[in-house]
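**Student:** My questions concern the predicted model and sequence given below.
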Amino acid sequence: MTRKRHGEPKKVGRARYAVLLALMLLLALGSTPLILGALHVRIDAGAPTASHGVRLLPAPKSLPAVALSPIATPIDPGQAAASLPAVKAASEAAAVAAEDNRIRILVHDSASVYQPEVVPVRGSLPSLVLTAGSHTYTYADLVQYGALALLPNDAALLLDNVFVAANAHLDLGSATLHTLYLDSSSSGSTSIVAYGGSLTFQGTFQQPFTIMGWDRATKSPAKDTGSGRPYIREVAGAMQLTDVRVSSLGFWSGRTGGVAWTGTTSQPSTGGATSSTFTDDTYGAFVSRARGLIFGDDLFEFNELDGLHIHRNTVGTSVSASSAVRNGGNGFLVDRASNGTVFTGVLSQHNTGDGFLVDGRPLVTGASASGGSVTPDSGTRIENSAALDNGKTGILLEGGSGTVLRSNEVCASLTGIAIRYGASNTVVTGNDVRCGPRAAVEVGTAAPGSEISGNSLVNARVGILVRSSGPVELDQNVITGVKVFGITVRGEASQVTGQGNVISGTGFRAVDARADADTPALTGTQDTGWAHHAKANFWSYLRFHPLAMLWLSILILVIGGEIWSRIRRLPAHPYPASTQWRDDPPAAGPTRVPAEARVGSVFAELKAGGAVADRVRVPVSAGAGPPPAAAMRPGAGYRPPAMTRLAGGERAAGGVGWPDAGTHPGDRPGQHADRAGQHAGWPGSGS
């Protein structure tokens with residue numbers, strides 16, 4: 001018992017040391033990431049194979065061209081893009097407002113109409129209201145009620161508006177109707193609108209169904225002249241187009257822009273288009289408050305604005321094997337508050353704006369009058385697609401969360417792929433960016449959590465530009481042929497990590513950090529193919545030093561202004577047009593001797609002893625001083641003597657210097673001279 005008592009304190013002391021050592025070891029292991037990060041040391045654990053649940057791809061050598069069906073293949077992608085017509089905005093907006101008012105009237109009236117009926121609406125063409133019934137309406141019903149006139153060659157002309165009420169269904173296109181013309185004239189334009197009903201337009205592969213706006217006055221496709229144009233719209237119902245050729249429709253707004261799927265807050269619009277073309281419209285197709293729309297094998301070409309515009313509150317739109325070409329706006333646009341949009345195997349080429357524009361920013365960022373959502377868009381994917389030769393950015397992401405760009409071909413001259421304005425957790429992998437853009441991939445501002453992995457970036461001025469982005473991962477990108485920077489990081493907020501990137505080209509630096517940015521923590525970077533080229537000419541220096549260009553511009557402006565002022569001879573007086581000047585005005589009489597001179601001469605005579613009092617007074621000449629008092633009294637035909645300006649700004653009587661013209665009727669005698677004296681030399685005085 002005694003031995004055990006003496007051994008217990010030693011065991012307790014050893015246990016204390018063991019616990020202390022364990023705590024120190026645990027603390028060291030826990031702080032290792034912080035220590036390594038502070039030292040910019042990274043343990044190479046191998047390149048990641050997935051990010052945000054998306055499998056990452058290796059850098060492609062080349063990507064196959066997008067396969068399109070004959071229907072979706074562009075007609076002539078090399079021609080100029082479309083543009084908006086020169087119309088008055090006020091007239092177009094008034095036409096849209098008139099259409100909105102007509103639709104409200106028809107929605108109200110259709111509740112009390114129980115059979116098809118033509119309803120007149122002031123300011124527009126008559127509207128045929130199709131009510132819910134036991135059968136599907138066809139073109140024969142439109143002919144029966146006088147809204148449609150049959151033409152030769154299986155064609156027809158729509159003369160009245162058609163309104164498909166709730167639960168009614170209209171099916172156009174058959175073996176005996178191949179072409180439908182929507183009338184557009186000075187009296188108004190026709191339209192087909194379903195509100196709660198459904199529309200079906202169907203042709204066949206061998207015989208497509210053609211829908212065209214038509215101007216009977218010019219016997220040509222309808223043009224937007226500022227007073228509206230025919231259009232087709234589905235509201236809170238289903239609309240399906242199959243093998244349809246749509247052209248020359250729409251004006252001003254999305255809902256009247258050509259073919260539009262628009263839902264309501266309680267009922268989304270559904271349907272889609274298959275093997276159809278949308279050309280020469282305002283919008284190729286417009287979607288708002290829709291759910292589950294499907295577009296496949298479609299062509300959106302030469303439309304005034306966007307090819308396909310997916311507007312707000314749209315969920316689950318799928319676009320595949322389609323193309324948007326030569327549109328005046330963007331090829332494909334996904335607007336705010338739209339989720340789950342997927343593009344697969346689509347082509348966007350030669351559009352004036354961006355090839356793909358995804359605006360995933362929330363509607364509001366805090367409390368607002370509208371009470372809109374503060375949640376960004378999510379679930380947008382663009383895969384196996386191509387953005388070629390568009391006017392601005394190939395693929396532009398603004399905001400949104402979890403957007404995926406995978407296996408896309410981009411050919412751009414400005415920016416290949418841009419991620420900015422709060423876009424978070426974006427995955428860009430397996431893309432091929434070519435055609436010498438200024439920046440192949442641009443990340444930021446504010447694009448945290450972006451993963452740029454396995455992309456092939458060729459012949460750009462800057463391979464990857466990261467600007468105040470937040471945390472960004474760059475892995476296994478192959479950057480070749482760049483001319484300035486392979487990877488450049490700017491801004492204090494940028495935190496760039498990555499591994500396994502290959503950089504080759506000639507320029508200032510393969511990996512660059514500036515504008516308070518930390519050096520990128522990149523490991524395993526292969527830059528043996530980089531040739532340092534520090535020689536800069538005058539223009540390249542100004543390109544990368546904007547402040548120097550600003551000061552140089554100011555200096556050139558100052559010097560140019562000085563040279564211009566010396567070359568241009570200024571007038572002798574700032575108001576030469578309003579003041580009559582004479583170099584040597586003729587004398588109007590003896591020059592008046594100043595009073596001081598006269599007093600001085602008299603004082604001299606007195607001092608010499610002369611008799612001043614005996615001097616004979618000589619009458620003053622009429623031109624030598626003011627006229628006698630009798631002559632100054634008003635009288636008929638009196639006109640005061642003209643005045644002339646003497647050196648030093650004094651005025652003297654005479655006949656020179658002031659024109660007689662300019663008297664005002666009703667002036668009392670002498671008032672004209674006073675008026676002339678008051679206004680002499682003023683701009684616009686008429687002298």
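**Tutor:** Thanks, I have it. Residues are numbered from 1 along each chain as shown.
**Student:** List the contacts of the spatially closest residue to residue 166 that is not a sequence neighbour.
**Tutor:** In this structure, residue 166 finds its nearest non-sequential neighbour in residue 196, 3.1 Å apart by CB to CB, 6 or more residues apart in numbering. (Each C-beta comes from the backbone N, C-alpha and C, glycine too.) Neighbour list for residue 196: 165-167, 235-237, 267 [criterion: CB atoms under 8 Å, 6 or more residues apart in numbering].
**Student:** Give me the buried entries from those residues.
**Tutor:** Those of those that meet the buried threshold are 165-166, 235-237, by 16 or more other CB atoms under 10 Å.
**Student:** Out of those residues, which sit inside strands?
**Tutor:** residue 235 (DSSP state E).
**Student:** so where's the chain uncertain?
**Tutor:** Along the chain, segments meeting pLDDT under 70 span 1-13, 33, 36-45, 534-536, 540, 543-544, 569-687.
**Student:** okay, stretch 488-507 in CSV with CA atoms only?
**Tutor:** Taking Å, rounded to 0.1, in the frame of the first residue of the first chain, the C-alpha atoms of stretch 488-507 are listed here in CSV:
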residue,chain,number,x,y,z
THR,A,488,-3.4,39.0,-64.4
VAL,A,489,-5.0,39.7,-61.0
ARG,A,490,-6.1,43.2,-59.9
GLY,A,491,-7.8,44.6,-56.9
GLU,A,492,-7.3,43.9,-53.2
ALA,A,493,-10.4,41.7,-53.0
SER,A,494,-9.1,39.2,-55.5
GLN,A,495,-7.9,35.9,-54.0
VAL,A,496,-6.7,33.6,-56.7
THR,A,497,-5.5,30.0,-56.2
GLY,A,498,-5.0,27.1,-58.6
GLN,A,499,-2.6,24.6,-60.0
GLY,A,500,-1.5,23.0,-63.2
ASN,A,501,-2.0,25.9,-65.6
VAL,A,502,0.0,26.0,-68.8
ILE,A,503,0.9,29.5,-70.1
SER,A,504,2.8,30.3,-73.3
GLY,A,505,3.1,33.5,-75.4
THR,A,506,5.0,36.8,-75.4
GLY,A,507,4.4,39.8,-73.2
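**Student:** If you count neighbours, what's buried in that stretch?
**Tutor:** Buried-residue list, stretch 488-507, by 16+ other CB under 10 Å: 488-491, 493-505, 507.
**Student:** which ones are touching residue 336?
**Tutor:** Contacts of residue 336 (CB under 8 Å, 6+ apart): 312, 359-363, 377, 399.
**Student:** same deal with residue 435?
**Tutor:** Residue 435 sits next to 389, 411-413, 459 when contact means CB under 8 Å, 6+ apart.
**Student:** What distance do you get for it to residue 466?
**Tutor:** Going from residue 435 to residue 466 by CB to CB, to the nearest Å gives 22 Å.
**Student:** From residue 211, how far out is the residue nearest to residue 166?
**Tutor:** 22 Å.
**Student:** count of residues packed around residue 223?
**Tutor:** By the measure other CB atoms under 10 Å, the count of residues near residue 223 is 16.
**Student:** Now it. Its backbone dihedrals?
**Tutor:** phi -110, psi 150 (degrees, to the nearest 10).
**Student:** Hmm, residue 502 and residue 478 touching each other?
**Tutor:** Yes: using CB atoms under 8 Å, residue 478 makes contact with residue 502 at a distance of 4.8 Å.
**Student:** quick one: common contacting residues for those two?
**Tutor:** Contacts common to residue 478 and residue 502, judged by CB under 8 Å, 6+ apart, are residue 59.
**Student:** start to end distance for stretch 175-189?
**Tutor:** Distance across stretch 175-189, first residue to last, is 27 Å (CA to CA, to the nearest Å).
**Student:** Run through who's touching that stretch.
**Tutor:** Identification of contacts with stretch 175-189 by CB under 8 Å, 6+ apart yields 124-125, 139, 151, 153-159, 172-173, 190-192, 203, 207-217, 222, 227-231, 249.
**Student:** Now a ChimeraX select for only the buried ones of those residues.
**Tutor:** A single ChimeraX command suffices to select whichever of the contacts of stretch 175-189 are buried according to 16+ other CB under 10 Å:
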select :124,125,139,155,156,157,158,159,172,173,190,191,192,203,208,209,210,211,212,213,214,215,222,227,228,229,230,231,249
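**Student:** Among the contacts of stretch 175-189, which ones are in strands?
**Tutor:** Filtering these for strands - DSSP E - leaves 151, 155-158, 172, 191-192, 209-215, 231.
**Student:** Can you give me every residue that contacts the nearest residue to residue 110 once chain neighbours are set aside?
**Tutor:** Spatial nearest neighbour of residue 110, chain neighbours left out: residue 165 (4.1 Å); criterion: CB to CB, 6+ apart. By CB under 8 Å, 6+ apart, the contact set of residue 165 is 110, 113, 129-132, 195-197.
**Student:** and which of the residues you listed is nearest to residue 89?
**Tutor:** residue 195 (27.0 Å; CB to CB).
**Student:** Run a quick neighbour tally on the closest one.
**Tutor:** 21.
**Student:** was I right about it contacting residue 166?
**Tutor:** Yes: counting by CB under 8 Å, residue 195 does reach residue 166; the two are 6.7 Å apart.
**Student:** Which neighbours do the two have in common?
**Tutor:** The contact sets of residue 195 and residue 166 overlap at 110, 237 (CB under 8 Å, 6+ apart).
**Student:** quick one on the thing from earlier: let's have the contacts of residue 165 in JSON lines, adding distance to residue 21.
**Tutor:** Output for the contacts of residue 165, formatted as JSON lines (distance: CB to CB, whole Å):
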{"residue": "110", "distance to residue 21": "84"}
{"residue": "113", "distance to residue 21": "89"}
{"residue": "129", "distance to residue 21": "88"}
{"residue": "130", "distance to residue 21": "86"}
{"residue": "131", "distance to residue 21": "87"}
{"residue": "132", "distance to residue 21": "83"}
{"residue": "195", "distance to residue 21": "78"}
{"residue": "196", "distance to residue 21": "76"}
{"residue": "197", "distance to residue 21": "79"}
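**Student:** Tell me the bridge partners for residue 499.
**Tutor:** Beta-bridge partners recorded for residue 499 (DSSP bridges): residue 475, residue 523.
**Student:** show me where this structure has helices.
**Tutor:** For the chain, the helices defined by DSSP state H cover 2-38, 89-110, 139-144, 538-543, 546-567, 595-608, 671-679.
**Student:** got a list of what residue 405 touches?
**Tutor:** Residue 405 makes contacts with 381-383, 395, 397, 417, 426-429, 431, as judged by CB under 8 Å, 6+ apart.
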